[in-house]
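Undergrad: No sequence on hand, only this structure:
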C-alpha cells in the first residue's frame with residue numbers, strides 16, 4: 001500500500017513535507033504492539049543493494065506520477081504503532097502496489113533487517 005505521510009530527516013521529529021511511503025512490514029514489539037515499518041518513495045536515484053526502482057505499472061497502481069523515476073529505499077524506515085499514532089492516517093491511502101511487487105519490497109526489507117542495515121526512526 002502506498003500512502004502519504006511526513007518523513008523526517010535525521011535528527012528532526014516532524015517531517016518537512018508529506019511524501020509517499022510504502023507500508024511494507026508489520027511486526028510486533030516486545031510489548032506485543034503492532035508496529036508498521038514505512039519506507040520512503042523518492043525521486044532521488046538510489047544506488048546500492050537496499051533500494052528498488054518502481055516500475056511504471058506499479059507507479060500507476062499506487063497513484064504515483066508515472067512520468068517520474070521513483071525508488072523505494074528499504075534501509076531507512078519510519079516505525080510507528082498505528083493504535084497510538086498521531087501521524088498514521090489509514091484514509092490517506094493513495095494507491096496499492098501489486099502483491100508480487102510488494103513481496104519484492106518486503107523480501108528486500110527482510111534482507112536489510114537480517115543484515116542489520118536498516119535505520120529505524122521511531123515515531124513518538
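TA: Yep, it's here. Just so it is clear, the structure is predicted and the values come from calculations on it, not from any experiment.

Undergrad: for this protein, what helix or strand is lowest in average pLDDT?
TA: strand 2-6 (a mean of 44; mean pLDDT, DSSP states H and E).

Undergrad: Spell out the secondary structure type for the residue lying farthest from the centre of the chain.
TA: What lies farthest from the middle of the chain is residue 31; by CA atoms, centre = their mean that is 22.7 Å. Secondary structure, DSSP: H, G, I helix; E, B strand; the rest coil: residue 31 is coil.

Undergrad: If I look at it, what pLDDT would I see?
TA: With respect to pLDDT, residue 31 scores 89.

Undergrad: Tell me the gap between stretch 97-117 and the middle of its chain.
TA: 10 Å (CA atoms, centre = their mean, to the nearest Å).

Undergrad: before we move on, what about stretch 30-42?
TA: With CA atoms, centre = their mean, you get 9 Å for stretch 30-42.

Undergrad: Kindly report the same for stretch 40-60.
TA: That offset, for stretch 40-60, works out to 11 Å (CA atoms, centre = their mean).

Undergrad: Could you work out the end-to-end span of it for me?
TA: 17 Å (CA to CA, to the nearest Å).

Undergrad: Tell me the buried residues in it?
TA: Residues 40, 41, 42, 46, 50, 51, 52, 54, 58, 59 are the ones in stretch 40-60 that count as buried (16 or more other CB atoms under 10 Å). Any C-beta I mention is one placed from the backbone N, CA and C, and that applies to glycine too.

Undergrad: How about residues contacting that stretch?
TA: 2, 7, 19-22, 62, 64-66, 68-76, 97-98, 101, 104-105, 108, 111-112, 117-118 (CB atoms under 8 Å, 6 or more residues apart in numbering).

Undergrad: could you flag which of these are buried?
TA: Applying 16+ other CB under 10 Å to the contacts of stretch 40-60 flags 2, 7, 20-22, 62, 64, 70-76, 97, 101, 104-105, 108, 112, 118 as buried.

Undergrad: Understood, closing this out.
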